[in-house]
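In: Model the following, please.
(one chain, ligands or ions: 1)
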Amino acid sequence: MAVRYLIEDQVCLITLDNPPVNVIGQALRAGLVAALEAAEAAGVQRIILTGAGAAFAAGADAREFDTPPVPPHLPDVLARLERLPAIAAINGTALGGGLEIALACRYRIAAPKALLGLPEVTLGVVPGAGGTQRLPRIIGMAKAADLIAEGRTFLAPEALDLGVIDAIAADPVQAARRLPDAVLACHLAAADRPTPAPEPLTTARARAAKRTAGQVAPQVALDLVEAATLPLPEGLARERAAFLALRDSDQARALRHVFFAERAAMGRKPAAPATEITQAVVVGGGTMGAGIAYALDGIGIAVTLVETGAEAAIRARANLQNLFDEAVRRGKLTPEAATARAAGIAVVTGYDALPPAQIAIEAAFEDMAVKRAIFAALDAALPETTVLATNTSYLDVNRIAEGIRHPDRLLGLHFFSPAHVMKLLEVIRASATSDTTFATALRLAQRLKKLPVEAGVCDGFIGNRILTRYRQTTDILLMDGALPWEVDAALEGFGMAMGPYAVQDLSGLDIAYANRQRKNLKAQPGVRYIPIADRMVEELKRLGRKTGAGWYDHGGASPAPSAEVAALIAESSVAAGIRRRAIPAGEIVERAITAMIAEGFDILEEGIARRPADIDLVLIHGYAFPRWRGGPMHHADTLGLPQLLSRITGYAAQDPLSWRVPPLLSRLVAEGRRLADLNLSERA
Ligand code: NAD
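Out: Below is the predicted model:
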């Protein structure tokens with residue numbers, strides 16, 4: 001029974017009860033209708049609506065969004081509720097449709113910790129049950145516009161300040177019972193309130209255009225808030241039509257896909273029991289090691305950080321201190337707590353006095369010999385059960401730890417920078433990694449509130465392997481006629497947070513250079529070698545922002561196109577006998593994104609990723625691929641696999657060294673299947 005009700009003393013207490021968080025599916029809507037009918041029949045003086053468990057109602061059931069809407073529809077249910085003397089006793093989370101139910105009540109009382117909001121735009125839709133019409137009538141147009149277009153969630157005290165709720169009470173149901181009749185009587189339903197005073201939404205529009213560039217739903221939400229000046233039935237009809245149209249849009253499908261993929265990744269059950277970690281060793285206290293140590297310390301794990309010598313240890317301490325200082329600046333820690341926590345991390349130089357940690361995570365230089373020596377030392381110094389993890393970006397995890405005792409306890413934990421902030425964690429299963437080791441890593445990821453994605457061993461795993469291919473492809477575009485700032489502008493237009501050349505200037509061109517040297521691409525047969533990036537480092541010494549010059553000039557207020565770089569590129573094309581041509585933005589995007597997708601197909605074929613959705617999560621969370629396009633593999637389905645196949649076939653005919661039709665793509669097209677079919681049905 002998704003809704004319970006009890007009529008006593010002229011009061012009907014309706015409890016939404018659809019565990020775990022009272023999502024508003026068909027059964028709940030039907031149950032609500034039945035409860036309202038009973039309340040009407042009994043002629044009660046008051047209805048109190050609340051939720052069972054920790055939530056009031058966490059929103060619509062997004063699983064229903066892929067099928068035609070089934071009656072009773074929430075807008076109709078709420079039109080009925082609005083005519084009755086109802087009080088929302090918001091005991092906990094009230095999001096989306098949950099808050100819309102509350103907005104259709106005359107009075108709203110929330111528990112102090114209740115979380116509220118209309119986050120529909122984050123799923124590519126707009127509130128579909130009156131939110132865009134009732135909220136402006138309750139709190140005014142401009143405030144409603146901000147909340148709805150941003151999809152921001154907020155706690156009860158802020159809701160009270162904004163006027164979204166009328167009161168806060170530790171026990172909202174009790175408070176609703178005690179609310180004097182006279183108070184309730186002077187609170188009008190939104191339908192009976194005057195239309196809101198028109199307010200210009202230009203700032204909200206500009207903000208939404210910047211924050212959610214390329215996305216349709218926030219702008220439509222603002223149109224609807226503006227329509228709140230119309231008579232309510234007309235505004236509601238517009239809202240419903242917009243909601244239904246958006247629900248079926250590519251953007252909403254993409255955002256739903258990501259939402260479910262994230263939920264599945266966070267909730268994945270390991271195949272074996274995990275070891276609970278209380279003590280950890282981190283090797284290397286640079287950018288990554290310090291961030292990892294800080295994150296582990298933050299969840300109560302005792303951390304010992306190993307550095308090479310006294311000076312390196314001092315640098316590591318300073319790196320840690322910076323993170324604690326930042327936490328204090330942001331108000332996340334008091335200065336006292338920060339000092340105590342920083343002192344709790346031991347920084348040592350050597351392996352003699354290591355505690356019997358359950359895990360060691362190596363984040364030293366990206367160098368095979370360095371890493372192998374570290375793993376040998378860890379193997380000797382720690383219990384033979386300690387899980388040994390490397391944070392390598394590209395190197396072969398199996399080779400790093402060759403020769404250690406019990407290789408079943410080895411794996412890769414590829415954190416992203418900054419390690420204490422970024423949610424993504426690639427968990428690399430090495431050839432001997434046991435289920436227990438893997439489960440221990442997953443459990444740690446959950447405790448760290450990370451988004452774990454399983455990957456197999458290959459150069460760069462899922463994310464950096466795709467990044468390498470993407471960059472090779474954009475370098476080819478430079479060779480053929482494009483310039484870095486044209487490539488960046490085109491890909492930012494597609495929705496990437498930053499173009500590939502702006503990103504390289506930020507992280508430093510030397511990192512990718514060292515990686516190319518390791519692979520010695522120049523000497524590899526069957527690879528189209530593009531010399532531009534190497535010449536940037538070797539000849540021009542342009543390493544990015546840190547040297548004031550990279551793909552862009554960084555001397556001025558903002559990065560500027562560089563004549564020197566343009567000349568180097570033009571000269572490289574001439575030297576290779578290429579006649580440069582103007583490459584339109586559309587073609588730049590098509591080639592660069594198709595390269596990502598093609599690499600994704602190979603990654604799936606080789607079993608490096610278990611499912612297309614995992615590749616999507618890695619690219620969205622680690623490389624700022626636009627969430628609203630669903631990640632590269634979802635985007636491939638949106639483009640249509642047959643079309644993609646003919647596109648890559650064409651590329652391969654022109655440039656067989658750089659392009660090959662992925663066999664998995666050919667097979668799926670032949671079978672009439674989509675990548676979505678390879679994502680296990682995980683919409684639990
Ligand atoms: P970094 O140069 O900032 O730090 C490396 C640290 O390791 C230094 O403090 C150094 O003193 C220490 N170190 C070197 N050799 C050591 C040894 N034998 N024993 C103990 N400590 C030693 O490098 P980083 O950016 O933190 O990268 C570390 C690792 O993480 C690399 O493998 C890198 O590929 C990987 N990684 C980096 C990023 C990133 O964005 N920076 C992201 C993911 C993974």
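In: Would you check how far apart Ser434 and Leu244 are?
Out: 49 Å (Cβ to Cβ, to the nearest Å). Where you see a C-beta, it was placed from the backbone N, CA and C, and this is true even at glycine.
In: Name the residue in these two with the higher neighbour count.
Out: Counted by other Cβ atoms under 10 Å, Ser434 and Leu244 do not tie: Ser434 has more neighbours, with 18 against 13.
In: Tell me where the stretch 51-200 of the chain has helices.
Out: Taking DSSP state H, counting those that start in this stretch to define them, one finds helices in the stretch 51-200 of the chain at 74-82, 97-103, 131-139, 141-150, 156-162, 172-178, 181-185.
In: where's the nearest residue to Ala381 once chain neighbours are set aside, which helix or strand?
Out: In space, not counting the residues next to it along the chain, Ala381 is nearest to Tyr351; the distance is 4.0 Å by Cβ to Cβ, 6 or more residues apart in numbering. Per DSSP states H and E: Tyr351 is located in neither a helix nor a strand.
In: Neighbours of Tyr351, how many?
Out: Count around Tyr351 with other Cβ under 10 Å applied: 18.
In: How about the one 3 residues further on?
Out: For Leu354, the neighbour count with other Cβ under 10 Å is 20.
In: Quick check, it in contact with Ala380.
Out: No. Leu354 lies out of contact with Ala380 (Cβ atoms under 8 Å); the separation is 10.0 Å.
In: gap between Ile24 and the ligand?
Out: 41 Å (Cβ to the nearest ligand atom, to the nearest Å).
In: packing partners for the helix or strand hosting Ala566?
Out: Using DSSP H and E, Ala566 sits within helix 563-575. Where contact means 3 or more Cβ pairs under 8 Å, 6 or more residues apart in numbering; DSSP states H and E, helix 563-575 is packed against helix 463-480, helix 532-538.
In: What about the one residue in the chain that gets nearest to the ligand, how many residues nearby?
Out: Using Cβ to the nearest ligand atom, Gly286 is the residue of the chain that sits closest to the ligand, at 1.8 Å. Residues near Gly286, counting by other Cβ under 10 Å, number 15.
In: where do the helices sit along the stretch 201-350 of the chain?
Out: Secondary structure of the stretch 201-350 of the chain (DSSP H, counting those that start in this stretch): helices located at 202-211, 217-226, 232-247, 250-267, 287-298, 310-329, 335-344.
In: if I pick the residue nearest to Gly309 when sequence neighbours are not counted, what's in contact with it?
Out: The spatially closest residue to Gly309, leaving aside those adjacent along the chain, is Thr349, at 5.5 Å (Cβ to Cβ, 6+ apart). Thr349 makes contact with 306-310, 312-313, according to Cβ atoms under 8 Å, 6 or more residues apart in numbering.
In: what's the helix or strand of the chain with the lowest mean pLDDT in contact with?
Out: Every helix and strand of the chain was ranked by mean pLDDT, DSSP states H and E. The lowest is helix 509-519, at a mean of 90. Residues outside helix 509-519 that contact it (Cβ under 8 Å, 6+ apart) are 366, 393-394, 459, 468, 471, 504, 533-534, 536-537, 542-544, 550-551.
In: among those, which are in reach of the ligand?
Out: Residues of those in contact with the ligand (Cβ under 6 Å from any ligand atom): 366, 393.
In: any idea which of the contacts of helix 509-519 is the one closest to Ala265?
Out: Nearest to Ala265 out of the contacts of helix 509-519 is Ser393 (Cβ to Cβ; 20.6 Å).
In: can I assume the closest one is in contact with Gly463?
Out: No. Counting by Cβ under 8 Å, Ser393 sits too far from Gly463 to count as a contact (9.0 Å).
In: so Ile47, which of the three states?
Out: The local conformation at Ile47, judged by DSSP: H, G, I helix; E, B strand; the rest coil, is strand.
In: Chain neighbours aside, what residue packs nearest to it?
Out: Counting by Cβ to Cβ, 6+ apart, the residue nearest Ile47 is Ala86, at 4.1 Å.
In: And Ser572, by the same measure?
Out: Ile532 (5.1 Å).
In: Spit out the contact partners of the one you found.
Out: Counting by Cβ under 8 Å, 6+ apart, Ile532 has contacts 475, 478-479, 568-569, 572.
In: Tell me which two of the residues you listed sit farthest apart.
Out: Asp475 and Leu568 (12.2 Å).
In: Adding mean pLDDT and distance to the ligand, write the helices of the stretch 51-200 of the chain out as TSV.
Out: Listed next are the helices of the stretch 51-200 of the chain as TSV, based on pLDDT from 0 to 100; distance: least, Cβ to the nearest ligand atom, whole Å:
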stretch	mean pLDDT	distance to the ligand
helix 74-82	97	45
helix 97-103	98	39
helix 131-139	98	40
helix 141-150	97	29
helix 156-162	98	35
helix 172-178	98	46
helix 181-185	95	57
